[in-house]
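Novice: need a structure here:
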Amino acid sequence: MAPQIFPAKDHRVERYLEKPLPSSEESERTILGAILLDNSVIAQAVESLLPAMFYSPLNRRVFAAMIALFEKSTQIDPITIGEELKKEGSLDSIGGITTITNLTFGLPHFHNVEEYIKIVKDKSMLRDLIRTCNSITGEALAEEDEAERILEAAEVMIHNLLDRRDTPSAVL
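Specialist: Got it, this is the predicted structure:
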């Protein structure tokens, strides 16, 4: 069998590494705004999402506060979220209660946010995949281990991603 000849490296591929990580802050905002407009919507969100799945640090903090309020069976509104964020000292850093209130600006009243949840989960999985691939690339470039061991470790990392895709509680 003749040795396989690989094409010359295409440097255009390297430009993709300079792109921002996948996210949909609009979908994140829609979920949070929908919860503010109708607290019953949080039940859908907590079944599938964790705060870590939100790309925006602001949205991540607000969702974590919403979950804390939900777990205490407390009303979820800008004031109660603000009080929850004050406990961790992050209310001022996100822009105060006005920022939380603005999450509902221009949103229609939603009762079902499944499509937006799917988008947020998908973008989170893509970011996890990119981070995993970067880790694998780093291991390969470091050349500190045999190729077979690096490949085995890569296989484990990818398998772990596959296991986590339907179990959000594993992504803490």
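
Novice: Just the element for residue 100, please.
Specialist: Here residue 100, judged by DSSP states H and E, is contained in helix 96-101.

Novice: Give me the mean pLDDT for that helix.
Specialist: The average pLDDT for helix 96-101 rounds to 95.

Novice: for the next helix-or-strand element following that helix, packing partners?
Specialist: Next along the chain after helix 96-101, taking DSSP H and E as the criterion, comes helix 114-142. When contacts are defined as 3 or more C-beta pairs under 8 Å, 6 or more residues apart in numbering; DSSP states H and E, helix 114-142 sits against helix 25-37, helix 42-48, helix 147-164. In this view, the C-beta of every residue, glycine as well, is placed from N, C-alpha and C.

Novice: Single out the most deeply packed of those.
Specialist: Compared across these, helix 25-37 shows the largest average neighbour count, a mean of 22 (mean count of other C-beta atoms under 10 Å).

Novice: For that one, which helices and strands make contact with it?
Specialist: Using 3+ C-beta pairs under 8 Å, 6+ apart: helix 25-37 touches helix 42-48, helix 57-71, helix 114-142.

Novice: and residue 19, which of those helices is closest to it?
Specialist: helix 114-142 (9.6 Å; C-beta to C-beta).

Novice: Would you mind listing the buried residues in the closest one?
Specialist: Buried residues in helix 114-142, defined by neighbour count with 16 or more other C-beta atoms under 10 Å: 116, 117, 119, 120, 121, 123, 124, 125, 127, 128, 136, 139.

Novice: residues touching the third one, list them.
Specialist: The contact partners of residue 119, by C-beta atoms under 8 Å, 6 or more residues apart in numbering, come to 24, 27.

Novice: how far away is it from residue 85?
Specialist: Computed as C-beta to C-beta, to the nearest Å, the residue 119 to residue 85 distance reads 25 Å.

Novice: what do you get for the fifth one?
Specialist: Residue 121 sits 24 Å away from residue 85 when distances are taken as C-beta to C-beta.

Novice: same thing with the last one?
Specialist: Summarising the geometry, the distance separating residue 139 from residue 85, computed by C-beta to C-beta, is 38 Å.

Novice: Ok, the fourth one next?
Specialist: The span separating residue 120 from residue 85 equals 20 Å under the rule C-beta to C-beta.
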